[in-house]
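Peer 1: Could you look at this predicted model? Sequence included:
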4 protein chains.
Amino acid sequence: MTLDLQKYSVRTDLAVESRELAETIHGGPLPGVQEQVEEQDGIKITRLDVLDEAASAKLGRIKGHYITIEVPGLRGQDSELQDKVAEAFAKEFSSFLNKLGIARGAKALIVGLGNWNVTPDALGPLVVENVLITRHYFELTPDRVSPGYRPVSAIAPGVMGITGIESSEVVQGIAERTKPDLIIAIDALASRSLERINTTIQIADIGIHPGSGIGNKRRGLTREILGVPCIAIGVPTVCYASTIVNNVFDMMKTHFDQEQDDGQQVQTKQILGLLTELSESERLGLVKEVLEPLGHDLIVTPKEIDEFIEDIANVIANGLNLALHEAVNQDNISAYTH
Amino acid sequence: MTLDLQKYSVRTDLAVESRELAETIHGGPLPGVQEQVEEQDGIKITRLDVLDEAASAKLGRIKGHYITIEVPGLRGQDSELQDKVAEAFAKEFSSFLNKLGIARGAKALIVGLGNWNVTPDALGPLVVENVLITRHYFELTPDRVSPGYRPVSAIAPGVMGITGIESSEVVQGIAERTKPDLIIAIDALASRSLERINTTIQIADIGIHPGSGIGNKRRGLTREILGVPCIAIGVPTVCYASTIVNNVFDMMKTHFDQEQDDGQQVQTKQILGLLTELSESERLGLVKEVLEPLGHDLIVTPKEIDEFIEDIANVIANGLNLALHEAVNQDNISAYTH
Amino acid sequence: MTLDLQKYSVRTDLAVESRELAETIHGGPLPGVQEQVEEQDGIKITRLDVLDEAASAKLGRIKGHYITIEVPGLRGQDSELQDKVAEAFAKEFSSFLNKLGIARGAKALIVGLGNWNVTPDALGPLVVENVLITRHYFELTPDRVSPGYRPVSAIAPGVMGITGIESSEVVQGIAERTKPDLIIAIDALASRSLERINTTIQIADIGIHPGSGIGNKRRGLTREILGVPCIAIGVPTVCYASTIVNNVFDMMKTHFDQEQDDGQQVQTKQILGLLTELSESERLGLVKEVLEPLGHDLIVTPKEIDEFIEDIANVIANGLNLALHEAVNQDNISAYTH
Amino acid sequence: MTLDLQKYSVRTDLAVESRELAETIHGGPLPGVQEQVEEQDGIKITRLDVLDEAASAKLGRIKGHYITIEVPGLRGQDSELQDKVAEAFAKEFSSFLNKLGIARGAKALIVGLGNWNVTPDALGPLVVENVLITRHYFELTPDRVSPGYRPVSAIAPGVMGITGIESSEVVQGIAERTKPDLIIAIDALASRSLERINTTIQIADIGIHPGSGIGNKRRGLTREILGVPCIAIGVPTVCYASTIVNNVFDMMKTHFDQEQDDGQQVQTKQILGLLTELSESERLGLVKEVLEPLGHDLIVTPKEIDEFIEDIANVIANGLNLALHEAVNQDNISAYTH
């Protein structure tokens, strides 16, 4: 069944979406996958662990730990909610570092992947512009650094069309010279779900793998390549026209199934035809088959992307500043971001 | 039948789309609507005239002249093609001015509607930044203006969220003081067709009407309000998630109908169910019914909108410079835009 | 003596600088000029009133009330100090409105003069982007506006090179249609003093006069023209190379005079020659005489202008939000600016 | 005498300025310094070679080859002149590469030094955004690259305040991984001469040395460090207030000396005092002594810096594209820059 996933490439960068898909296909919870969900104040946190290779194969996701923060309200541009999400992010990120056994003062290199000239792909570079940078103080005047900070550096390596160099090569080169203990890579993602666009943050200890994110990465950023742990932070900001269609079809199916439960007489199958009997990935394959030859399987982003990308970049930058430096807290945080 | 159009608001700002829709509903060409199509070098030009009130009612469009320039290749960021489109635009725009009886030296005020902070809505303001402005030379040093120019001024009135003032009020105030002979209003539009996004330019002599364009205009910019002819130039840059779904459904229907013609046995209706029997607007109503309560009927734009909006704004600015000033031609045009 | 001022055009837009100059020339305090100075926490506030036409003539400034807020520390990019300055500005601005007899709920139109494409001239447009806009709520849903707000609208009319229209014409047109009770015009200024660049805010009830500010205004924004009070807010962001030279010469003179007082033998005149015997304006005339033919009397701005202009625009926007709306206070202010 | 230069740090990044200074001090041409000057169409090209260590010591400049392109008209924003300068730049750059024995297809890494958030320091990053990048085509699809191109990559390493990493470390890391044959580093410079700001381009084969450019580099980019030739391209975009003053004093001295030659009776020394008898560096020391304690020795840039920096970045990017790729010529050049 994993074949289908590859054949029609129901591509998602979100582990929670992979789990949903896999459970539909397998008809129930997967062994080797542990999930814990928590919800408060409109913020839903899912901690999902893929424990062994068997689970990894079924899920189509690399073994590792995944945290997903879902906040449907984030689209509402509510600055109070954004502060709460930054705090929740910081708390999760801190305990994630603990869980991975990363030391308190571990030197971090933050990598902002993506293209600053393409708004929905500019998340990484924008976070880099807003995180608190301290490494140079530790290098130049180590005895004058106040306690409560750790060395943090950051780079936005750009995309191949701008630099001619794979971003992973840029990061490797810099990591070899500056020897960070930890790499944190931020990237904009594609989602297969309309509702998760601009509302979800994923943290994972699996690094960045070829083909993930919006741009066309050919090489990854992983512990194997970089020699140090690499944590990936991602936010879905785009989706394919075809996934929207597929997604809506699902919603329609659920909608009509419900109406039938409510005693109404229309048969979902009557309305939606054979489409109801196809698996999600088969259906997506069908939609793509129609759209692609016409060049209409556009990658789209919500009209409000400019404001959203600024807001979410600030949430992540604030969250990272809170998590990485004990001296930063909610009272002084605003002095550190732009 | 016009009722349906309103009920499910198959909203489009493009006359060619209205005509397509209306013909589907009415089952054939409409009396009182004249259309002439010309195609060359990948540029398709449709000149559509709505001649009387009866036609206007059936079409759901105001009486007037509409020119549509469709260039599927525009998404390809080909600078040579862009130059050709600018020239074609200029040619059409010039003969449009002639047709409307607008004098050669008529003073023009170019109005760039939309919000410069929202990329897909920034078309108007970007055109304003790139057109050749000459009015102040005519005012301050009239005897030193070379022949071949006319007085052109321009304003981007902003949107209500930024100014607190309706853009039409701003334009009216300025027009009353500066007395232009002609107003040219540029606005980003919503499309009901995925394929027309970022590939189509519409010119019309009907001005701007409440509810048109991306922003929520409450008052229009028309000859009645402004006292002088008002020509609208629009480019669709966004569409609703629901229209994408509906649009793709149409393509699927056509696709399967074709396969049947090719002798294949599957019945379109078997696959797509009752959806095939609904009218386009009924179907769109259905999709919206499902999406809206979930807050998922997002307005979306292609991921590449940043680069596209710059390119198309340049095409229009160059086209206007060529059309409005005889002294500007393909050899010196690049000196006038940024 | 006023002749000299005109002849060599020691141009300044700051009343405190005019007073300094005038007193040097006249050898002491001027009758008809009242000045009150207050200083706290590194913020110096000067309230200067030009009471009659005689004083106006001697000072070379229009009759009216001038408040100058000088904060040398503002160049240090200290966000706490910026908050304090915003508060001080709000307090002064509020009592200024009271003094002028402007009612609590008076409808305000904020005008951001200047060119958004020229960083040191972008102050006005940046303030406009950051003030709280409310007029449209009062127009569209008056019964749903919470108490503590007044109708505020805003416009950045652009400069003649971009629009082809005098900014005063744009503002007049809008004011005639929207009928504000009060116009607040923000503009970047030229200073004759290096030390006041980016550290000084001036508030005055005299409006904007031709020739003031950075751009070349030919018509003003005054009560006479607009029919309602017009308060001008200005910040010096540029100065001429020639004024820097002249300014430094002054500092050198003071420096050597002091050394002589300290018992050192060098004679200021020996070092600086006849330059010491010229009046400031004669000296400036001399410097200009040398620089101008070479095209080297550049207008310059500090290298850090990008960051400064953002900071000071935020200070003014925050200050205006605090002063104009009782519902805005230091606790919720950050929610209103970007 | 070199001591004086260091003591009062008459800092300049331009070799032609060093030569002028050194000749003033040494009273004539220096042995070991070869200079060739050519002037056409308002473009003055100086080819200056520092041949031995003795000359290097006297000049205060590293042994090497320097080309200076001076174009006073560049401030006038004349796009035709800009094209001519790009062509002249390309011609000089090409013969420079030949002279240095760099092979035709040598792989180039273009490094854009400086801070993209500080307009006068954004030259390097802006050039990087506008040069033609080809390395990835050679890496991914080498057999499909047309003849007439060479592999070019580019990076803007940012400044320490943004990344926490020295730009030289970033470049070293990338160079080690991507193995270019040649590094071309672009940087904004400080000038000691008002007239050279925004009008001069310097090309030199000496790389970037600590302390050069606008930002505070602590480590250089040189052949020794990088293992391959490093060519530096620089444009002065800022100067100190103190150098302006000093500069103007020089002009005044020349001015009055001329008037005396014209038979006028005023004695330069009478007017300018002892200042006339100080060496340039002593005088500058004096001015700094006065300005610095007051915090007024600002680094300034012309008000029009935004437009200028865009223009000159385009000139250099176009020039590099012409020089590095035979397939690029004046007819197709505009397709390669933005």
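Peer 2: Thanks, I have the structure now.
Peer 1: Hmm, A:C239 and A:I299 touching each other?
Peer 2: Yes - the pair A:I299 and A:C239 qualifies as a contact (C-beta atoms under 8 Å) at a distance of 7.2 Å. To be clear about C-beta, it is placed using only N, CA and C from the backbone, and glycine gets the same treatment.
Peer 1: Of these two, which one has the most company?
Peer 2: A:C239 (29 against 19; other C-beta atoms under 10 Å in any protein chain shown).
Peer 1: Who is that one paired with across the strands?
Peer 2: Partner residues in beta bridges with A:C239, using DSSP bridges, are A:V300.
Peer 1: Is it correct that it is in contact with A:N198?
Peer 2: No - the pair A:C239 and A:N198 does not pass the contact test of C-beta under 8 Å, sitting 10.5 Å apart.
Peer 1: Leaving out chain neighbours, which residue sits closest to A:L140?
Peer 2: D:R218 (7.9 Å; C-beta to C-beta, 6 or more residues apart in numbering or on different chains).
Peer 1: How about the secondary structure of that neighbour?
Peer 2: coil (DSSP: H, G, I helix; E, B strand; the rest coil).
Peer 1: Where do the strands of the stretch 1-150 of chain A begin and end?
Peer 2: Here the stretch 1-150 of chain A has its strands, by DSSP state E, counting those that start in this stretch, at A:33-40, A:43-50, A:64-70, A:108-112.
Peer 1: Show me where the stretch 51-200 of chain A has its helices.
Peer 2: Taking DSSP state H, counting those that start in this stretch as the criterion, the stretch 51-200 of chain A contains helices spanning A:53-59, A:79-99, A:123-130, A:135-140, A:160-163, A:167-178.
Peer 1: Dump the ones you listed to CSV, plus distance to D:G148 and mean neighbour count.
Peer 2: Formatted as CSV, the helices of the stretch 51-200 of chain A follow (distance: least, C-beta to C-beta, whole Å; neighbours: other C-beta atoms under 10 Å in any protein chain shown):
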stretch, distance to D:G148, mean neighbour count
helix A:53-59, 48, 17
helix A:79-99, 50, 18
helix A:123-130, 33, 26
helix A:135-140, 42, 18
helix A:160-163, 20, 20
helix A:167-178, 26, 22
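Peer 1: how about the residue of chain A found nearest chain B, what does it touch?
Peer 2: Residue of chain A nearest chain B, by C-beta to the nearest C-beta: A:G273 (3.1 Å). For A:G273, the contact set (C-beta atoms under 8 Å, 6 or more residues apart in numbering or on different chains) comprises B:269-276.
Peer 1: Please apply the same query to A:Q77.
Peer 2: A:Q77 sits in contact with A:307-308, A:311, where contact means C-beta under 8 Å, 6+ apart.
Peer 1: how about 7 Å then?
Peer 2: A:307, A:311 (C-beta atoms under 7 Å, 6 or more residues apart in numbering or on different chains).
Peer 1: Just want the phi and psi numbers for it.
Peer 2: phi 50, psi 50 (degrees, to the nearest 10).
Peer 1: Quick check: buried residues in stretch A:239-247?
Peer 2: A:239-247 (16 or more other C-beta atoms under 10 Å in any protein chain shown).
Peer 1: average pLDDT across it?
Peer 2: Stretch A:239-247 carries an average pLDDT of 84.
Peer 1: Please list the residues of the stretch 151-300 of chain A that sit near chain D.
Peer 2: Residues of the stretch 151-300 of chain A lying near chain D by C-beta under 7 Å from any C-beta of the partner chain: A:152-155, A:160-165, A:169-170, A:172-174, A:176-178.
Peer 1: Now the residue nearest the centre of chain A: closest residue in space, sequence neighbours ignored.
Peer 2: By C-alpha atoms, centre = their mean, the mean C-alpha position of chain A lies nearest to A:G234, the distance being 2.4 Å. For A:G234, ignoring the flanking residues on the chain, the nearest one in space by C-beta to C-beta, 6+ apart is A:L189 at 4.3 Å.
Peer 1: neighbours around A:G295, how many?
Peer 2: 12.
Peer 1: Low-confidence ranges, chain A, go.
Peer 2: Within chain A, the stretches with pLDDT under 70 are A:1-11, A:215-217, A:260, A:262-266, A:271, A:294, A:337-338.
Peer 1: which one is A:M160 nearest to, not counting chain neighbours?
Peer 2: D:H136 (4.6 Å).
Peer 1: Equivalent analysis for A:S167, please.
Peer 2: A:P157 is the one closest to A:S167 (C-beta to C-beta, 6+ apart), at 4.0 Å.
Peer 1: Number of residues surrounding the one you found?
Peer 2: Going by other C-beta under 10 Å, the residues that sit close to A:P157 add up to 29.
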